[in-house]
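Asker: Pasting a predicted model and its sequence here:
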Amino acid sequence: MTAERSLELSVPARVEYIAVVRLVVASLAIARRTLAEDRIDDLKLAVSEACTNAIEANLESGADNPVVVSCWEAPERFEVCVADAGVGFDPDDLPQHPPVTDPDRLNFERGLGIPLMRSLVDDVRFESSPGGTAVWMTLFGGPEFGDETTEILRVVISEQD
Amino acid sequence: MTAERSLELSVPARVEYIAVVRLVVASLAIARRTLAEDRIDDLKLAVSEACTNAIEANLESGADNPVVVSCWEAPERFEVCVADAGVGFDPDDLPQHPPVTDPDRLNFERGLGIPLMRSLVDDVRFESSPGGTAVWMTLFGGPEFGDETTEILRVVISEQD
Amino acid sequence: MELGLQVDDSRAPYTVLAVKGEVDVYSAPRLREKLVELVSDGHRQIVADLEGVDFLDSTGLGVLVGGLKRLRSHDGDLTLVCTQPRILKVFEITGLTTVFKISESVEEATGDRPGNE
Amino acid sequence: MELGLQVDDSRAPYTVLAVKGEVDVYSAPRLREKLVELVSDGHRQIVADLEGVDFLDSTGLGVLVGGLKRLRSHDGDLTLVCTQPRILKVFEITGLTTVFKISESVEEATGDRPGNE
Ligand SMILES: Nc1ncnc2c1ncn2[C@@H]1O[C@H](COP(=O)(O)OP(=O)(O)O)[C@@H](O)[C@H]1O
Ligand SMILES: Nc1ncnc2c1ncn2[C@@H]1O[C@H](COP(=O)(O)OP(=O)(O)O)[C@@H](O)[C@H]1O
């Protein structure tokens, strides 16, 4: 089902605005009610990670472009898109970390954002080009579905992709 | 001093989004810290009134346009603009209410929004045309000024208009 | 945030309606419906307890004015309980403090005054 | 929302740093500075009490990993106090539960283990 844009928030590429973005996304997700509280925490964290990267990308590009966060709603899912106008990147070609048991692991203070996003939300999609990046994150569980149905639906929908 | 846009929020013209708008504007104003808590309540109410009118104007126009709320910051003031794409109106030609002591007063359940806005914030400006309306609301009191200075500045600035 | 609307009719002839949450253009219709329902059910002395209200805008004021009008036309009355400065302020600015009876507590609103049913 | 950073050095050889609020890319630099400062001032057994943390993202994790590395290179250690599921979850997903000692209380972190200074 096509999702409908419910809200668009555009903020300067400055770290002090991330808290407002979290607040907006969480309050919209809470209003749906069928998303459990821990799923909303997951979404907040994933969105925050995507915004951190988007702000960094915009700052690096030098131009003073805003970060644009939009929320999209469909009966069975809630989507958030975080878009920047940075130089883009290849999400399938990120440096690999040594396993956590390796003492060298301590030399990696970064690179945790995308792995976190991937495991926190039901689906993450990157659309990246030299003109910018859009990160799409989806949580399943809409006003019309209970928990079990959501799980089933999630499987069905991801098989259709 | 020119104010810089800090944030822009675009929401569907549906009443359930007004709470999110209040939340965003209040959290941004709170982050400035120098605005007293009761001034933030004033701003929330004024913005809420402006959004109620903007949503109504957009719904009446029939087109499915969003309501666009932007926040503008300058050292000495915080401004919020609420814009719609409705048919516009003349803010200087609104129906007058009978005085509150008149028993007929009870026949007026509406028309309290604009009087409230005017008395809650330091300045309200309407830019209205047949293509839409933008309501600009200003609170004085920035990070660099204490309470007394704000009062002085407010007088100075409004005399310059 | 759903609007909380709790009816207490243990203080006859008064009916206390405790309102909780934000009263705006989204939630005010539910307050209006509840007031209409109470009047249709024969309640005539309604006390709206606004102590749990976090936010009240002009739509909320309009609904309260409408409720007062409806009750007066049935020889009833609507009293408000409100001590929160930020909510009182809205009544003051609009001059509605002279239209409504505003009490400091539900006890004051229901105890000090004989009912007229 | 300012990040709260409270130092308690009454439990020698341990220094307890109570962190309160949201740790993200905006606030994490202050946490980093505080940890660097404590290490330069000679503190070696630091206990970061995360019970007051409402939100922690990967930047916050990075700062804690950096602090641990710095302390280890001075023969010290960084122990975390954390029982909140939503914060623990972030350590679990990233595999950092195997890197940090995570205690259930400041007492457990400071009492059960002899200091090594
Ligand atoms: N929106 C983006 N635009 C450009 N590059 C990005 C973007 N998001 C992520 N990246 C790249 O992917 C890398 C890994 O991101 P992430 O896992 O979030 O860790 P971190 O941001 O801590 O490096 C980043 O360092 C950056 O090079
Ligand atoms: N953004 C707007 N676009 C068009 N008309 C407006 C707008 N804002 C206000 N108005 C007009 O001004 C009138 C008075 O507004 P207000 O004082 O807020 O009271 P109310 O909205 O309760 O009528 C409205 O009824 C409407 O006709």
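Answerer: Now that the structure is in, tell me what you want to look at. Here the structure is a predicted model, which is why all the values come from computation and not from measurement. Ligands and ions are numbered 1, 2, ... in the order given.

Asker: Show the pLDDT at the most centrally placed residue in chain C.
Answerer: In chain C, the C-alpha nearest the mean C-alpha coordinate belongs to C:A48, at 2.7 Å (CA atoms, centre = their mean). At C:A48, the model reports a pLDDT of 98.

Asker: hey, where'd the helices end up in chain C?
Answerer: In chain C, helices defined by DSSP state H lie at C:28-40, C:58-72, C:85-93, C:106-111, listed in chain order.

Asker: JSON lines for these, including mean neighbour count and distance to chain D?
Answerer: Yep, even glycine has a C-beta here, placed from its N, CA and C like the rest. Shown next, in JSON lines, are the helices of chain C (neighbours: other CB atoms under 10 Å in any protein chain shown; distance: least, CB to the nearest CB, whole Å):
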{"stretch": "helix C:28-40", "mean neighbour count": "18", "distance to chain D": "31"}
{"stretch": "helix C:58-72", "mean neighbour count": "22", "distance to chain D": "29"}
{"stretch": "helix C:85-93", "mean neighbour count": "18", "distance to chain D": "22"}
{"stretch": "helix C:106-111", "mean neighbour count": "17", "distance to chain D": "35"}
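
Asker: Put together a markdown table for the ones you listed, with mean pLDDT and distance to ligand 2 on each row.
Answerer: Formatted as a markdown table, the entries for the helices of chain C read as follows, by pLDDT from 0 to 100; distance: least, CB to the nearest ligand atom, whole Å:
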| stretch | mean pLDDT | distance to ligand 2 |
| --- | --- | --- |
| helix C:28-40 | 97 | 11 |
| helix C:58-72 | 96 | 6 |
| helix C:85-93 | 95 | 12 |
| helix C:106-111 | 93 | 28 |
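
Asker: Show me the one of the ones you listed that comes nearest chain A.
Answerer: Chain A lies closest to helix C:28-40 among those, at 15.7 Å (CB to the nearest CB).

Asker: Is the longest strand seen in chain C positioned near chain A?
Answerer: Under DSSP state E, the strand in chain C containing the largest number of residues is strand C:45-56. No: contact of strand C:45-56 with chain A is not found when judged by CB under 8 Å from any CB of the partner chain; the minimum separation is 14.2 Å.

Asker: Could you see whether ligand 2 lies near that strand?
Answerer: No: contact of strand C:45-56 with ligand 2 (CB under 6 Å from any ligand atom) is absent, the minimum separation being 14.0 Å.

Asker: roughly how far out does that strand sit from the chain middle?
Answerer: The chain centroid and the centroid of strand C:45-56 are separated by 5 Å, computed with CA atoms, centre = their mean, to the nearest Å.

Asker: and chain C, which of its residues are near chain A?
Answerer: Proximity of chain C to chain A is not found for any residue under the rule CB under 8 Å from any CB.

Asker: how about the residues of chain C near chain B?
Answerer: So chain C meets chain B at C:1, C:22, C:24-26, C:55, C:57-59, C:61-63, C:65-66, C:68-69, C:72, C:85-86, C:90, C:93-96, C:98-99 (CB under 8 Å from any CB).

Asker: ok, which stretches of chain A are strands?
Answerer: In chain A, the segments counted as strands under DSSP E are A:4-11, A:67-74, A:77-84, A:123-129, A:132-140.

Asker: Between the helices of chain C, which one is closest to B:P91.
Answerer: helix C:58-72 (15.4 Å; CB to CB).

Asker: between the closest one and strand C:45-56, how big is the angle?
Answerer: Using axes from the mean of the first three to the mean of the last three CA atoms, to 10 degrees, the inter-axis angle of helix C:58-72 relative to strand C:45-56 is 180 degrees.

Asker: Can you spell out which helices and strands pack onto helix C:58-72?
Answerer: Where contact means 3 or more CB pairs under 8 Å, 6 or more residues apart in numbering or on different chains; DSSP states H and E, helix C:58-72 is packed against helix B:37-61, strand C:14-23, helix C:28-40, strand C:45-56, strand C:77-81.

Asker: Let's have those in a markdown table, adding distance to ligand 1.
Answerer: Formatted as a markdown table, the helices and strands packed on helix C:58-72 follow (distance: least, CB to the nearest ligand atom, whole Å):
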| stretch | distance to ligand 1 |
| --- | --- |
| helix B:37-61 | 31 |
| strand C:14-23 | 36 |
| helix C:28-40 | 42 |
| strand C:45-56 | 37 |
| strand C:77-81 | 52 |
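
Asker: So which of these is nearest A:V82?
Answerer: helix B:37-61 (24.7 Å).

Asker: So which bits of the closest one are buried?
Answerer: Taking 16 or more other CB atoms under 10 Å in any protein chain shown as the basis for neighbour counts, the residues of helix B:37-61 that come out buried are B:39-59, B:61.

Asker: what would the helices of chain C look like in a markdown table with distance to B:G111?
Answerer: Formatted as a markdown table, the entries for the helices of chain C read as follows, by distance: least, CB to CB, whole Å:
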| stretch | distance to B:G111 |
| --- | --- |
| helix C:28-40 | 15 |
| helix C:58-72 | 8 |
| helix C:85-93 | 13 |
| helix C:106-111 | 28 |
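
Asker: To C:R11, which of those helices lies closest?
Answerer: The closest of the helices of chain C to C:R11 is helix C:106-111. By CB to CB, the value is 4.7 Å.

Asker: how far does that closest one sit from the chain's center?
Answerer: A distance of 13 Å separates the centroid of the chain from that of helix C:106-111, by CA atoms, centre = their mean.

Asker: Next, the contact list for the nearest residue to A:S48 once chain neighbours are set aside, please.
Answerer: The shortest distance from A:S48 to any residue other than its chain neighbours is 5.1 Å, reached at D:D57 (CB to CB, 6 or more residues apart in numbering or on different chains). Under the criterion of CB atoms under 8 Å, 6 or more residues apart in numbering or on different chains, the neighbours of D:D57 are A:45, A:48-49, A:52, A:113, A:116, D:23-25, D:90.

Asker: Let me know the closest of those to B:A85.
Answerer: Lowest distance from B:A85 to the contacts of D:D57 (CB to CB) belongs to A:S48, with 32.5 Å.

Asker: Can you tell me how far the closest one is from A:V21?
Answerer: Taking CB to CB, to the nearest Å as the measure, A:S48 falls 7 Å from A:V21.

Asker: excluding its backbone neighbours, what's nearest residue 58?
Answerer: Using chain A here. Take A:N58 and drop its neighbours on the chain: the residue closest to it by CB to CB, 6+ apart is A:A13, 3.7 Å away.

Asker: meant chain C, my bad for not saying
Answerer: If you skip the residues right next to it in sequence, C:S58 has B:L112 as its closest partner in space, 3.8 Å away by CB to CB, 6+ apart.

Asker: Can you give me the neighbour number for the one you found?
Answerer: Around B:L112 there are 23 other residues, counting by other CB atoms under 10 Å in any protein chain shown.

Asker: Is it correct that it is in contact with C:V63?
Answerer: No: in this structure, B:L112 is not within contact of C:V63 by CB atoms under 8 Å, at 11.4 Å.

Asker: which parts of chain A sit against chain B?
Answerer: By CB under 8 Å from any CB, the part of chain A that sits against chain B consists of A:5-12, A:16-17, A:19-20, A:23-24, A:27-28, A:31, A:66.

Asker: Let's see that with 7 Å instead.
Answerer: Taking CB under 7 Å from any CB of the partner chain as the measure of proximity, chain A contacts chain B at A:6-12, A:17, A:20, A:23-24, A:27-28.

Asker: could those be laid out in JSON lines, adding neighbour count and pLDDT?
Answerer: JSON lines is the format used below for those (neighbours: other CB atoms under 10 Å in any protein chain shown; pLDDT from 0 to 100):
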{"residue": "A:S6", "neighbour count": "21", "pLDDT": "89"}
{"residue": "A:L7", "neighbour count": "22", "pLDDT": "94"}
{"residue": "A:E8", "neighbour count": "19", "pLDDT": "96"}
{"residue": "A:L9", "neighbour count": "26", "pLDDT": "97"}
{"residue": "A:S10", "neighbour count": "19", "pLDDT": "97"}
{"residue": "A:V11", "neighbour count": "26", "pLDDT": "96"}
{"residue": "A:P12", "neighbour count": "18", "pLDDT": "95"}
{"residue": "A:Y17", "neighbour count": "23", "pLDDT": "94"}
{"residue": "A:V20", "neighbour count": "23", "pLDDT": "93"}
{"residue": "A:L23", "neighbour count": "18", "pLDDT": "92"}
{"residue": "A:V24", "neighbour count": "25", "pLDDT": "92"}
{"residue": "A:S27", "neighbour count": "16", "pLDDT": "89"}
{"residue": "A:L28", "neighbour count": "24", "pLDDT": "89"}
